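sequence-free structure coming up:
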């Protein structure tokens, strides 16, 4: 699969301290490519993002993947300090009655990563409980999606897959609670064969591939459905998105 376009994308979109969903996407793909190839150009790009965010005093929960990766790769305390700073600014949102899907995406994976890596797992149960509580409040059984439709369902699903991936095996009760919600959301998103924009389709399939990789869904059932959606993206002209997703699915 030709991924030369992605390296060109990275060259044209250097880290500048301005975080966005596109920056988050690029970091996700870099982490996938680094895990698959060991190419330090990808790991260097992620660390450069962490550095640019810190230099701009722009670290946010959404930046967690870059910050935690930089800390794991380098062991430098400045990344730990940046993570602690984000955690200190998060405040008391876990006490809110319901978190919207955008907040689930932005905040809960960061909180889970913090608890698993730095916080002694003290508040894992609180994070999982908030995910379940918010999901139950947002869930619309008639449509099989959360309120707001497919996009909100997709970002909630990606956040949930991130949290499941972080949850230690010994925390089975919390892990299983998240897996149950993940399966319900994924079934809702995959039940109807509908056209999707590349952003939404990419999030759904990224979460789907994560579920296959973690062994929490049946690959024989879901990978053919993923292949159909990738073909639809390619037919609609979203060739780069289709290439990226096909490359990710092909490694499973």
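Received it, and whenever you're ready, just let me know what you need. Please read these numbers as outputs of a predicted model, since none were measured by experiment.

run through the residues that contact the residue nearest to residue 238 when sequence neighbours are not counted.
Take residue 238 and drop its neighbours on the chain: the residue closest to it by CB to CB, 6 or more residues apart in numbering is residue 198, 4.2 Å away. To be clear about C-beta, it is placed using only N, CA and C from the backbone, and glycine gets the same treatment. Residues in contact with residue 198 (CB atoms under 8 Å, 6 or more residues apart in numbering) are 233, 236, 238, 241.

next one: residue 198 from residue 220, what distance?
Distance of residue 198 to residue 220, given as CB to CB, to the nearest Å: 26 Å.

so what's residue 22 up against?
Contacts of residue 22 were listed using CB under 8 Å, 6+ apart, and they are residue 13.

that one: which element?
Taking DSSP states H and E as the criterion, residue 22 maps to helix 21-37.

and the helices in the stretch 151-252 of the chain?
Per DSSP state H, counting those that start in this stretch, the stretch 151-252 of the chain has helices spanning 172-190, 198-214, 219-235, 239-250. These are given in chain order.

equivalent analysis for the stretch 1-150 of the chain, please.
All helices of the stretch 1-150 of the chain, identified by DSSP H, counting those that start in this stretch, fall at 4-12, 21-37, 40-55, 64-74, 77-90, 101-117, 124-138, 150-166.

deepest of those helices, which one?
Between the helices of the stretch 1-150 of the chain, the one whose residues have the most neighbours on average, counting mean count of other CB atoms under 10 Å, is helix 150-166 (a mean of 24).

for that one, packing partners?
Taking 3 or more CB pairs under 8 Å, 6 or more residues apart in numbering; DSSP states H and E as contact, the helices and strands that helix 150-166 lies on are helix 101-117, helix 124-138, strand 145-146, helix 172-190, helix 198-214.

so for residue 163, which of these sits nearest?
Using CB to CB as the criterion, the shortest distance between residue 163 and the helices and strands packed on helix 150-166 is 4.5 Å, found for helix 101-117.

what angle separates the closest one from helix 64-74?
Using axes from the mean of the first three to the mean of the last three CA atoms, to 10 degrees, the interaxial angle of helix 101-117 with respect to helix 64-74 works out to 20 degrees.

now the angle between helix 198-214 and helix 101-117, please.
Angular relation of helix 101-117 and helix 198-214 on a 0 to 180 degree scale: 30 degrees, by the same axes, to 10 degrees.

helices or strands up against helix 101-117?
Helix 101-117 packs on helix 64-74, helix 77-90, helix 124-138, helix 150-166, going by 3+ CB pairs under 8 Å, 6+ apart.

need those helices in a markdown table with mean pLDDT and distance to residue 194, can you?
Conversion of those to a markdown table gives the following (pLDDT from 0 to 100; distance: least, CB to CB, whole Å):
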| stretch | mean pLDDT | distance to residue 194 |
| --- | --- | --- |
| helix 64-74 | 97 | 29 |
| helix 77-90 | 95 | 35 |
| helix 124-138 | 89 | 20 |
| helix 150-166 | 92 | 8 |
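
could I get these as CSV with distance to residue 5?
Converted to CSV, these look like this (distance: least, CB to CB, whole Å):
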stretch, distance to residue 5
helix 64-74, 22
helix 77-90, 30
helix 124-138, 35
helix 150-166, 22
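
spit out the contact partners of the closest residue to residue 162 other than its chain neighbours.
Across the structure, with CB to CB, 6+ apart as the measure, the residue nearest residue 162 apart from its sequence neighbours is residue 109 (3.9 Å). Applying CB under 8 Å, 6+ apart to residue 109 gives the contacts 61, 64, 65, 159, 162, 163, 166.

again, only this time at 6 Å
159, 162, 163 (CB atoms under 6 Å, 6 or more residues apart in numbering).
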